[in-house]
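Engineer: the sequence and its predicted three-dimensional model are supplied below.
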Amino acid sequence: MEIVFSELRQKEVINLADGKHLGKVCDLKFVFPEGTVLGVYVTGCKGFKLTKQEVFVPLKCINKIGEDAVLVNLGNPPPAQKPPKNPECPPPFCPPPPPQSRRSLDEYE
């Protein structure tokens with residue numbers, strides 16, 4: 001497959017691992033004079049236009065270059081951190097706290 005950079009630059013980049021839109025191809029990294037392509041840089045769509053982040057996608061992570069998008073696999077996203085478990089409270093419910101003992105009226109006098 002042959003593709004020119006001007007066409008590649010217009011394509012959206014989608015991560016297959018989590019389905020997120022990473023942005024558009026903004027640059028290409030290659031080795032000269034061998035002519036081997038190392039990967040592409042993608043401008044992310046995070047924050048304001050002045051704070052966009054670039055992500056490097058190695059050539060081995062590019063799965064498919066289609067008519068509309070470039071599909072990449074950047075691995076599984078890190079799992080969401082769960083709150084620490086309370087060892088005294090087995091799931092799914094914690095027992096209610098014990099009722100406080102009431103003082104007798106004689107203790108106040």
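Structural biologist: Received, thanks. Residues are numbered from 1 along each chain as shown.
Engineer: now stretch 34-45: mean pLDDT?
Structural biologist: Here stretch 34-45 scores 84 as its mean pLDDT.
Engineer: list the buried residues in that stretch.
Structural biologist: 39-40, 42-44 (16 or more other CB atoms under 10 Å). Placement of C-beta: from N, CA and C, glycine included.
Engineer: any idea how far apart the tips of stretch 31-38 sit?
Structural biologist: End-to-end distance of stretch 31-38: 7 Å, with CA to CA, to the nearest Å as the criterion.
Engineer: where do the strands sit along this protein?
Structural biologist: With DSSP state E as the criterion, the chain has strands at 12-15, 21-31, 36-43, 54-58, 62-65, 69-72.
Engineer: so which of the ones you listed comes closest to Glu2?
Structural biologist: Glu2 lies closest, by CB to CB, to one member of those: strand 62-65, at 10.7 Å.
Engineer: okay, buried residues for that closest one please.
Structural biologist: For strand 62-65, burial by neighbour count (16+ other CB under 10 Å) applies to 62, 65.
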